[in-house]
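Trainee: got a predicted structure here, sequence first:
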Amino acid sequence: MASDSPDWTVPAPLRALLWWPGVAFVLVLIAPDAAVGSIATAGLVLVTLGALAGAVGRRVRGTAADAGGLEPEYEAAGRTA
């Protein structure tokens, strides 16, 4: 039986899309005549924003991990650098 991973999170583009219903509602209130186009555009902008945020987050985490480096816990006996 597969174990459930407790550290799973929603990917960034999907997290951005969680804002879509609220944004769409506000856009319909502001400009009801342009509702279809503005809602579709808002969805595309939110997906793009989420994808960019995910890419930046991966790059920052990768840079932070590389910057710290892994140092050996011990020196091998008799070896000098």
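Mentor: Received, thanks.
Trainee: so where's this protein shaky on pLDDT?
Mentor: Residue ranges of the chain with pLDDT under 70: 1-8, 63-81.
Trainee: spatially nearest residue to Ile15, not counting backbone neighbours?
Mentor: One correction, residue 15 is Arg, not Ile. The spatially closest residue to Arg15, leaving aside those adjacent along the chain, is Gly50, at 6.0 Å (CB to CB, 6 or more residues apart in numbering). Placement of C-beta: from N, CA and C, glycine included.
Trainee: tell me the contacts of that neighbour?
Mentor: Contacts were defined as CB atoms under 8 Å, 6 or more residues apart in numbering; by that measure Gly50 touches Pro11, Ala12, Pro13, Leu14, Arg15, Ala16, Leu17.
Trainee: hang on, the last one packs against Thr48?
Mentor: No - counting by CB atoms under 8 Å, Leu17 sits too far from Thr48 to count as a contact (11.0 Å).
Trainee: out of these two, which sits in the more crowded spot?
Mentor: Neighbours were counted for Leu17 and for Thr48 using other CB atoms under 10 Å; Leu17 has more, 17 against 12.
Trainee: in the host helix or strand of Arg58, what's buried?
Mentor: Here Arg58, judged by DSSP states H and E, is contained in helix 35-68. Buried positions in helix 35-68, judged by neighbour count with 16 or more other CB atoms under 10 Å: Ser38, Ile39, Ala42, Gly43, Leu46, Val47, Gly50, Gly54.
Trainee: could you dump these to JSON lines with distance to Pro32?
Mentor: Output for those, formatted as JSON lines (distance: CB to CB, whole Å):
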{"residue": "Ser38", "distance to Pro32": "10"}
{"residue": "Ile39", "distance to Pro32": "11"}
{"residue": "Ala42", "distance to Pro32": "14"}
{"residue": "Gly43", "distance to Pro32": "18"}
{"residue": "Leu46", "distance to Pro32": "20"}
{"residue": "Val47", "distance to Pro32": "24"}
{"residue": "Gly50", "distance to Pro32": "26"}
{"residue": "Gly54", "distance to Pro32": "33"}
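Trainee: much appreciated, bye for now.
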